[in-house]
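Student: Based on what follows, work out the 3D shape:
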Amino acid sequence: MTLVRWLRRMIRQIGAILWAWLDDAGRYLISPVGYRVIVPTVALLLGAYVLLYTILETRHEHLMNQATFQQTQFITMAVSGNPGALRAALLMYKQVRDLSVPKAPNLLNPLSWASKSQPNVETLSRWTKHFFSGCDKHNCGVGLDLRDVGLDLRGANFAGATLYQVNLAGADLTGANLNGANLAGADLTGANLERAELKGSYLGKADLTGARLEKTNLEGAVLGAAKLGETNLADANLSRADLTGADLAGANLMGTNLAGANLQNITGLIQQQINVACPDNHTALPDDIQPPQMQPETCKKWQ
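Tutor: The predicted structure is shown next:
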């Protein structure tokens, strides 16, 4: 009980000290001397606040103008018809698209002053889909090889796009959305399509030699007569895909879901590839290929 009384006494004393301090401060502020101090101080703080806001607003406008200029410069170079200019533009594509700019500051909400935006993302994403829908070796420059560019289109949205004979050799399409896209005859040699979505896409006669398709969703895709030599299809989903006449020589099919897929008249496929893949009773295999006697552990995720 002695300790409790002592704590109560200490709390009362501290409260009294604080109240006395606040009372003295209040008396000082309303006194003539305090008035002459507080008014200039408040005015100085408000002036500094408005000055900082003005600086941030000016910086925002400057960086927005810079982003618009880079966007215009990129598109001008890309559509110039000059293969060299197109190559140079594509090299700076990701830098221009992902340019980060502070948002316009809100005078009454200083907490928003640290927010940022990417003003070029939407415009360049739309431009990319429109441009590459008609980009082949004829209108993108004869002999233009994008493998030297390493085009960065990670996360791009090409869902439902018509990309007939498009040249995206060597492009980075990691995580891109190509669901339902028409990629007939497309050049995707050496491209990175890891974790991309190509559900229901059409890739007839497309060249995917050496491409990376790990964990890519190709469910229901049509890959008739496609070139898939040396392609990495590990853990990819090819369920119900049509690979009739495709070339799978040297392709990595470790853990690849082939449930219900059509592999009739395929070339380059050997028994060792199927032994590490994940076909089911509905998979149509070539006559000289037998289903694996025991599916590997990597197939459990498809069950």
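
Student: And the helices in the stretch 1-150 of the chain, which stretches?
Tutor: Taking DSSP state H, counting those that start in this stretch as the test, the helices found in the stretch 1-150 of the chain are 2-29, 32-78, 83-91, 93-97, 121-132.

Student: Which other helices and strands does the longest one contact?
Tutor: Going back to what we said before, that points to helix 32-78. Taking 3 or more C-beta pairs under 8 Å, 6 or more residues apart in numbering; DSSP states H and E as the contact definition, the neighbouring helices and strands of helix 32-78 are helix 2-29, helix 83-91, helix 93-97, strand 101-102, helix 121-132. To be clear about C-beta, it is placed using only N, CA and C from the backbone, and glycine gets the same treatment.

Student: Could you list the low-pLDDT ranges of the stretch 201-303 of the chain?
Tutor: In the predicted model of the stretch 201-303 of the chain, no residue satisfies pLDDT under 70.

Student: again, only using 90
Tutor: Applying pLDDT under 90 to the stretch 201-303 of the chain picks out residues 293-298, 303.

Student: Now render the helices of the stretch 1-150 of the chain as CSV, adding mean neighbour count, distance to Ala114 and mean pLDDT.
Tutor: Listed next are the helices of the stretch 1-150 of the chain as CSV, based on neighbours: other C-beta atoms under 10 Å; distance: least, C-beta to C-beta, whole Å; pLDDT from 0 to 100:
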stretch, mean neighbour count, distance to Ala114, mean pLDDT
helix 2-29, 10, 33, 77
helix 32-78, 13, 10, 86
helix 83-91, 17, 31, 81
helix 93-97, 18, 22, 86
helix 121-132, 17, 19, 80
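
Student: Of all the ones you listed, which one comes closest to Ile274?
Tutor: Distances from Ile274 to each of the helices of the stretch 1-150 of the chain were compared using C-beta to C-beta; the shortest belongs to helix 121-132, at 34.6 Å.

Student: got the angle for the closest one vs helix 32-78?
Tutor: Helix 121-132 and helix 32-78 are oriented at 0 degrees to each other (axes from the mean of the first three to the mean of the last three C-alpha atoms, to 10 degrees).

Student: List the contacts of helix 121-132.
Tutor: The contact list for helix 121-132, computed with C-beta atoms under 8 Å, 6 or more residues apart in numbering, reads 71, 74-75, 78-79, 93, 96-98, 153, 156-158, 161, 163, 166, 168.
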